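In: Return atomic coordinates for the entry below.
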Amino acid sequence: MKRNRRVKILATLGPASSDEAMIRKLHDAGADVFRINMSHTDHESMRELVRRIRRVEEAVGRPIGILADLQGPKLRVGKFAAGKVDLAAGDIITLDDNPELGDATRVYLPHPEILESVKVGDRLLIDDGKLALVAEETTGKAIRCRVVAGTRISDKKGVSLPDTVLTSGALTEKDRRDLDAVLLESVDWIALSFIQRPEDLAEARKISRGRVGLLSKIEKPQAVERLEEIIELSDAIMVARGDLGVEMPLEQVPGIQKRITRAARRAGKPVVVATQMLESMITAPVPTRAEVSDVSIAVFEGADAVMLSAESAAGDYPVEAVATMHKIAVEVEKDQLYPGIIFAQRPAAEATGADAVSLAARQIAETLNVAAIVTYTATGTTGLRTARERPQIPILALSPIEATARRLSLVWGLHCVVTEDATDMEEMVDKACRLAVEQGYARAGERIIITAGVPLRTPGATNMIRIAYIGSDGASAV
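Out: All right, here's what the predicted structure looks like:
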């Protein structure tokens, strides 16, 4: 199925979208990658969702990416004797290691890593920031806090720490169990939640051993401060605006989104913009005008993918939400201002052979106005470098490795095809021409650009550009 847009759509599966028929409808409406949220999915349900996605993939004949989103550390206070307590600005409440039921003066905090890490002056935000506290005294076993804003706290509310770097890593015991289970399935991406520092990726990288791509969710101020280092060690990045908007002033989030998107594009790493993009479509068949504008901004910025969360997982209109996001993206990419904005933000090529070839391929393709760029990619690196150039010409990424094609389904502009590798240069050119025609990107008499590595089947050795004419039989013509 040929998509007439470059940005990809990532749709979350859930109660409203877990059966095979609905997954097929979401794909047909425009979903390129499916997200399984491990916060709400047990291992057997995850395995069944993967099987259903793969059956849809077989039916449509197109590689489909799967992202498993690990829950990460969920920090919550304990319970209160009355279920909740009312507070006022200036009141004092202590968070401690005492498991007894709380009252208006204290509450249990079952996270020793927080008690040991918070310093005087650090903020603690409860229930998505509805109650704001500031630490006035710490002992390692208790934190004496003053209420800055808010009026109430109740059982099991979440705790956010915008000023504190925790000593513990990003993976919890649940995450480790989930990761082990996910690695046994044909999942392509793992999302790591609440990353704070580059070191937080080390354990997941060691466990996964390259079997999946690692996507770091940027949702903590500490991660924003070390953004370049985290991007360098990640395979992809997500602008996770939900928690980011809790731990940082809301008015700063749009600027941070642009900063993250552009930094990821410079590094040639896929970047996903997520959270509340079409939030009103959870209960309404059409979005608000502001939501349409929000999605369009991410597309204009050149994000690789835009994501639906509850809209497709638990909403009343999952298919309509995907279809709406698809229509917005198509319209933005047809806008006369779109090429200029994308070009203005295009990063300079790095001093590598693959980058030089990708830059030259884009320049030649746009100068000659060829029908498509066809790139052979075994590991995915060539596909990523080609997409980094954001050419205005369609890109076909041909790979003999199914896992590579599935992983690249998240990447801007790449139409991925799984095909056997060519045995020689002539077959490589003929195959590229035939597939460009079969996939609907070129016709007889048109030209395409081909990039590959010579000798063939040498990973990471992209060093060749070929201009090919398509003959009347769909193969190359001299």
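In: what stretches of the chain score poorly on pLDDT?
Out: The chain contains residues with pLDDT under 70 at 1, 456-460, 474-478.
In: Now do the strands in the stretch 101-250 of the chain.
Out: With DSSP state E, counting those that start in this stretch, the ranges of strands along the stretch 101-250 of the chain come out as 106-108, 123-126, 131-138, 142-149, 152-154, 159-160, 189-192, 213-218, 236-240.
In: So for residue 303, what's the nearest residue that isn't a sequence neighbour?
Out: residue 273 (4.8 Å; CB to CB, 6 or more residues apart in numbering). From N, CA and C alone the C-beta is placed, and that goes for glycine too.
In: Quick check: next helix or strand after whichever strand or helix holds that neighbour?
Out: Taking DSSP states H and E as the definition, one finds residue 273 inside strand 271-274. Counting by DSSP H and E, the next helix or strand C-terminal to strand 271-274 is helix 289-300.
In: What's the first helix or strand after that next one?
Out: Downstream of helix 289-300, the next assigned helix or strand under DSSP H and E is strand 305-308.
In: who does that next one pair up with?
Out: Applying DSSP bridges to the sheet, strand 305-308 is found paired with strand 8-13 (parallel), strand 271-274 (parallel).
In: any idea of the angle the longest one forms with strand 236-240?
Out: Interaxial angle of strand 8-13 relative to strand 236-240 (axes from the mean of the first three to the mean of the last three CA atoms, to 10 degrees): 60 degrees.
In: Next SSE downstream of strand 8-13?
Out: Next element after strand 8-13 (DSSP H and E): helix 20-29.
In: Tell me how far that next one lies from the chain's centre.
Out: Going by CA atoms, centre = their mean, to the nearest Å, the spacing between the C-alpha centre of helix 20-29 and its chain's C-alpha centre is 20 Å.
In: what do you get for stretch 102-110?
Out: 37 Å.
In: before we move on, back to that, show residues contacting the strand holding residue 273.
Out: Applying CB atoms under 8 Å, 6 or more residues apart in numbering, the contact partners of strand 271-274 are 10, 215, 236-242, 257, 260-261, 264-265, 298, 301, 303-307, 309, 410.
In: all strands for the stretch 351-478 of the chain, in order.
Out: With DSSP E, counting those that start in this stretch as the criterion, the stretch 351-478 of the chain has strands spanning 372-376, 395-399, 414-418, 447-453, 462-470, 476-477.
In: Can you say which of those is nearest to residue 290?
Out: For residue 290, the closest of the strands of the stretch 351-478 of the chain is strand 414-418, at 30.1 Å, according to CB to CB.
In: and the strands of the stretch 101-250 of the chain as JSON lines, adding mean neighbour count and distance to residue 48?
Out: Output for the strands of the stretch 101-250 of the chain, formatted as JSON lines (neighbours: other CB atoms under 10 Å; distance: least, CB to CB, whole Å):
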{"stretch": "strand 106-108", "mean neighbour count": "21", "distance to residue 48": "37"}
{"stretch": "strand 123-126", "mean neighbour count": "22", "distance to residue 48": "36"}
{"stretch": "strand 131-138", "mean neighbour count": "18", "distance to residue 48": "39"}
{"stretch": "strand 142-149", "mean neighbour count": "18", "distance to residue 48": "43"}
{"stretch": "strand 152-154", "mean neighbour count": "18", "distance to residue 48": "35"}
{"stretch": "strand 159-160", "mean neighbour count": "20", "distance to residue 48": "33"}
{"stretch": "strand 189-192", "mean neighbour count": "26", "distance to residue 48": "19"}
{"stretch": "strand 213-218", "mean neighbour count": "25", "distance to residue 48": "23"}
{"stretch": "strand 236-240", "mean neighbour count": "27", "distance to residue 48": "25"}
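In: export these to JSON lines and tack on distance to residue 269?
Out: As requested, those are exported to JSON lines (distance: least, CB to CB, whole Å):
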{"stretch": "strand 106-108", "distance to residue 269": "40"}
{"stretch": "strand 123-126", "distance to residue 269": "29"}
{"stretch": "strand 131-138", "distance to residue 269": "34"}
{"stretch": "strand 142-149", "distance to residue 269": "37"}
{"stretch": "strand 152-154", "distance to residue 269": "39"}
{"stretch": "strand 159-160", "distance to residue 269": "26"}
{"stretch": "strand 189-192", "distance to residue 269": "12"}
{"stretch": "strand 213-218", "distance to residue 269": "9"}
{"stretch": "strand 236-240", "distance to residue 269": "6"}
